[in-house]
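>>> let me see the structure of the following:
(chains A and B)
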Amino acid sequence: MFNYFHNHFQAFNRALVRIFSNFGSSLMMFIVIGVTLFLPSSGLLIVENISQISNNIVYDAELSLFLKKDIKQDQIDFIQSALNKTLAVKKTHFESKLTAWDKLQNKLNLNPIDTGISENPLPDAFFISLNTFNEKEINNLIDNLKTIDGVENIFFDAGWIKKLRSILYLLKIGLAFLGIILIIVLIVVISNTIRLQTLTHKDEIEVSKLIGATNSFIQRPFMYTGLMYGLGGGLITICTLKLTIEIFNKAAINLEVMLGGTFILKNLIWQQNLSIIIIAILIGCFASFFAAQQSIKKLETFK
Amino acid sequence: MINFEKVFKRYPGNMDALQNINLEILPAELVFVTGPSGAGKSTLLKLISSIEKSTSGTIVFENMNLSQLKAKDIPYLRRKFGMIFQDHKLLYDRNCSENVSLPLAINNIGGLDINRRVRAALDKVGLLNKEKIMPISLSGGEQQRLAIARAIVSRPSILIADEPTGNLDKEYADEIMNIFYSFQQVGVTVIISTHELPITPIKHKNIHLIGGELKDQTNYVQLLS
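So this is what the prediction gives:
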């Protein structure tokens, strides 16, 4: 077991030597990977921030809670206090049936005699602003409110949320496609670089094969080189994202002063940053494995 | 140890490199494969070490039929041989010690054992004082000795040398041959291809090839003493 890790350590060392002995071209490769991954990552950053911005300045989810016509004031007070105690409720507005009827008549210029409506057809109602967009939480709240005596109907204004979610969903699909295309581009670029490296180390590969090296032994240093390309590229992506956010946020402060509202971009969370690095490493490993395998096969004499 | 039975090797373009070869190599034998250029000497060695595959016939080594060997088993077979080439095939970006340690790394031998065995191998070929020197700084004879050190470091039971003295003058060539004889004396099977049969006091076998055909297979007992 010790020898196994020792050999991996040796391969890792050889990969490090290769990276540093051609530091200029290695740096170029880091930058190519970093910039390529920056495109979908910045898209992800924008989508994540749009969700937050829309929460802050655009819209609160609303419930319309209509009460039974024969409801008594005690029950209305009870419902009001129950709503006030509910965490998901941001604020409530009570609209009595008399006020609502007056407003409707004024708005539509109605005369009860002309319309033939002898009594107020509207119910008392609560209009509730929510402090959540979470569909599960909202559905739970609706289910709870329905159990309260005196509640006739509840309507949930989901239009905005659905539109917003549709847009974000489309953006995410677009980003996923962009990401896949760019990953393919990266695999091709890294494969080509590793293929060139295998040509540079052709003698070493040939000698190693002649004296009994397995393909995985020969591939190992190339895999570690690919891993390091991925790691370097991933780190450049993260740094570029942070730099972009800093620059944007400095400019956004002026915009806030002029327009009000919040335009500050927030960083990706550490799990997302870690995912970007892991994806970059996997791309590097896969591309180098593929390229080295192809090159080694071409050098095989025993056919 | 190694048996050839009706072995043919044909390269693309219908060029017959070996035809109907039947021979046997015994353990701890010193074998010279002789013949002019194009006789098939290198091809014979390549078939033994599974660098090439025979077109037909059977090659048996330690009860393994090399003609039916799977690609994944080839590296493990090659580890049983110590291979020496006319052009040395050294890695010129690594020093002597690193060149010699390569087979050990391939054989998954690590740690302190590597250093000890590398030094022992270099000592055997008289290069112990040149551990950290790059091969490019060595003379032709020293480079070939370094190649021998690399071949013996993993203690193979068979040494295969393809024209190991082809590029060396007589003094260096004798030095290299003496190293091979010393290994044969301790029980290693040594197979050497060469244009001409060297004069040696040691019992040996000569496999003489001409135009891909086996013309002679003679055992020579001690001629000189």
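>>> who does the residue nearest the centre of chain B form a beta bridge with?
In chain B, the C-alpha closest to the average C-alpha coordinate belongs to B:I160, at a distance of 1.3 Å (Cα atoms, centre = their mean). Partner residues in beta bridges with B:I160, using DSSP bridges, are B:M83, B:I191.
>>> just A:I154 next, same as before
Applying DSSP bridges, one finds that A:I154 bridges with A:L65.
>>> in this structure A:F2 contacts B:G110, no?
Yes. In terms of Cβ atoms under 8 Å, A:F2 counts as a neighbour of B:G110; the distance is 6.3 Å. Backbone N, C-alpha and C define where each C-beta goes, glycine included.
>>> more neighbours: which of the two?
For A:F2 and B:G110, the more surrounded residue by other Cβ atoms under 10 Å in any protein chain shown is B:G110, and the numbers stand at 18 against 8.
>>> how far away is the more buried one from chain A?
Relative to chain A, B:G110 is positioned 3 Å away (criterion: Cβ to the nearest Cβ, to the nearest Å).
>>> I'd say that residue and B:S101 touch.
No. Counting by Cβ under 8 Å, B:S101 is not a contact partner of B:G110; they are 9.8 Å apart.
>>> domain ranges for chain A, per the record?
According to the domain assignment given by automatic domain parsing, chain A is divided into the following structural domains: A:2-57+A:171-298, A:62-157.
>>> tell me the pLDDT at the residue in the stretch 101-250 of chain A positioned nearest to chain B?
In the stretch 101-250 of chain A, the residue found nearest to chain B is A:G212; the distance is 3.6 Å by Cβ to the nearest Cβ. A:G212 is assigned a pLDDT of 90 by the prediction.
>>> what sits against it?
Contacts for A:G212 (Cβ atoms under 8 Å, 6 or more residues apart in numbering or on different chains) come out as B:75-79, B:103, B:106-107.
>>> and it, that one's in a strand?
No. Per DSSP: H, G, I helix; E, B strand; the rest coil, A:G212 lies outside any strand segment and is coil.
>>> quick check on it: phi, psi?
Taking degrees, to the nearest 10, you get phi 100, psi 20 for the backbone angles of A:G212.
>>> so where does residue 104 fall, helix or strand?
No chain was given, so I picked chain A. Applying DSSP states H and E as the criterion places A:L104 in helix A:97-108.
>>> chain B, not that one
For B:L104, the element it lies in under DSSP H and E is helix B:96-106.
>>> tell me which other helices or strands that helix touches.
When contacts are defined as 3 or more Cβ pairs under 8 Å, 6 or more residues apart in numbering or on different chains; DSSP states H and E, helix B:96-106 packs onto helix A:202-210, helix B:112-124, helix B:140-152.
>>> so for A:N139, which of those helices sits nearest?
Comparison of the helices and strands packed on helix B:96-106 against A:N139 by Cβ to Cβ identifies helix A:202-210 as nearest, at 61.7 Å.
>>> give the next helix or strand downstream of that closest one.
Per DSSP H and E, helix A:202-210 leads on to helix A:215-259 as the next helix or strand towards the C-terminus.
>>> check which helices and strands that following helix sits against.
Under the contact rule (3+ Cβ pairs under 8 Å, 6+ apart), helix A:215-259 is packed against helix A:2-21, helix A:23-57, helix A:159-200, helix A:202-210, helix A:270-298.
>>> so which residues on the stretch 101-250 of chain A come close to chain B?
Taking Cβ under 8 Å from any Cβ of the partner chain as the contact definition, the stretch 101-250 of chain A meets chain B at A:203-204, A:206-215, A:217.
>>> now the buried members of those.
Neighbour counting with 16 or more other Cβ atoms under 10 Å in any protein chain shown marks A:204, A:207-215, A:217 as buried within these.
>>> of those, just say which sits nearest to A:L182.
Nearest to A:L182 among these: A:N215, at 29.2 Å, using Cβ to Cβ.
>>> verify the stated contact: that closest one with A:Q293.
Yes. Checked against Cβ under 8 Å, the pair A:N215 and A:Q293 is within contact range at 6.9 Å.
>>> between those two, which contacts overlap?
Overlap between the contact sets of A:N215 and A:Q293, as judged by Cβ under 8 Å, 6+ apart, is nil.
>>> can you list the residue ranges for strands in chain B?
Listed in chain order, the strands of chain B (DSSP state E) span B:2-11, B:15-25, B:30-34, B:56-61, B:64-65, B:81-84, B:158-162, B:189-194, B:204-210, B:213-220.
>>> the fifth one pairs with which strands, and in what direction?
Note on strand B:64-65: by DSSP bridges, its sheet partners are strand B:56-61 (antiparallel).
>>> what's stretch B:214-221 in contact with?
Residues lying outside stretch B:214-221 but in contact with it, judged by Cβ under 8 Å, 6+ apart, are B:20-23, B:35, B:203-209.
>>> widest-spaced pair of the residues you listed?
Checked with Cβ to Cβ, the contacts of stretch B:214-221 reach their widest spread between B:N20 and B:K203, with 27.1 Å between them.
>>> tell me who's in contact with the nearest residue to B:S154 once chain neighbours are set aside.
Sequence neighbours aside, B:P103 is the residue nearest to B:S154 in space, at 4.4 Å (criterion: Cβ to Cβ, 6 or more residues apart in numbering or on different chains). Residues in contact with B:P103 (Cβ under 8 Å, 6+ apart) are A:211-212, B:79, B:150-151, B:153-154.
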